[in-house]
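Chemist: based on what follows, work out the 3D shape:
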Amino acid sequence: MKRSLLFLLPLLVLAACQDAPDTAGPGVDGTPPTQDEGHVADLGAVVGEDPGDGPVLFVEQVVENPEAYDGQPVRIAGVVGEVCQQAGCWLTFQNAEGTPFRVAVPRGDDGYVFTFPKGIAGQNAVIAGTFAVEETDVATLRHLAEDAGKSAEEVAAITEPERTFTLAATGARLEGEV
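Modeler: Coordinates of the predicted model:
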């Protein structure tokens, strides 16, 4: 099952790139365009609210034109890069460009609304939430690097803020069992 899912996601990305509608900007009604081909079957475990199984955007699409999605609720499919090793309160999506794309779990009155399992790096995920383009300050970048288990030298090397894409997650569907 896992191998078929790993095979399925790249095929969906390829199909979306070849047959996708224009994603250069918002649709006619002002909402972001979606990929009808971007349906991702039940990946398995759900954390937070179930994001459903309808159309999704792929990380690459959002990275290509982030302003079209800024402030919008979206469902994004991608491969998990790093996961917060302290609390599971954030993860990153991998992308070919190496663009920082962080998914954060909001806090409620009693702590985080949900958390991601710490061992899901490299797995496929569909995550729902609100997308934003932000500038992340040095202190926050260093904190995130520490949470990811980076060395003191790697943390100290962070000296400039960076433009970051973030998704305030409401829930996720993750590959495999949690």
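Chemist: all strands of the chain, in order?
Modeler: Under the criterion DSSP state E, the chain contains strands at 44-48, 57-58, 73-83, 90-93, 101-104, 107-108, 111-112, 124-136, 162-175.
Chemist: in the last one, what's buried?
Modeler: Yep, that's strand 162-175 we're talking about. Counting neighbours by 16 or more other CB atoms under 10 Å, one finds that the buried residues in strand 162-175 are 164, 165, 166, 167, 169, 170, 171, 172, 173, 174, 175. C-beta coordinates here come from the backbone N, C-alpha and C atoms, glycine included.
Chemist: relative to residue 126, which of the residues you listed is nearest.
Modeler: Nearest to residue 126 among the buried residues of strand 162-175 is residue 173, at 4.6 Å by CB to CB.
Chemist: that closest one and residue 45 touch, don't they?
Modeler: Yes: counting by CB atoms under 8 Å, residue 173 does reach residue 45; the two are 7.3 Å apart.
Chemist: most remote residue from this structure's center?
Modeler: Distance from the C-alpha centroid of the chain peaks at residue 153, with 26.8 Å (CA atoms, centre = their mean).
Chemist: quick check: it vs residue 132, distance?
Modeler: Here the criterion is CB to CB, to the nearest Å. By it, residue 153 lies 30 Å from residue 132.
Chemist: residue 58 now?
Modeler: For residue 58, the distance to residue 132 (CB to CB) stands at 18 Å.
Chemist: between these two, tell me which one has more neighbours.
Modeler: Shown here are residue 58 and residue 132; by other CB atoms under 10 Å, residue 58 has more neighbours (24 against 16).
Chemist: which strand residues bridge that one?
Modeler: residue 77 (DSSP bridges).
Chemist: can you check residue 112 too?
Modeler: Applying DSSP bridges, one finds that residue 112 bridges with residue 107.
Chemist: quick check: it touching residue 89?
Modeler: Yes: under the criterion of CB under 8 Å, residue 112 makes contact with residue 89 at 5.2 Å.
Chemist: show me where pLDDT drops low in this protein?
Modeler: Across the chain, the ranges flagged by pLDDT under 70 are 1-43, 177-178.
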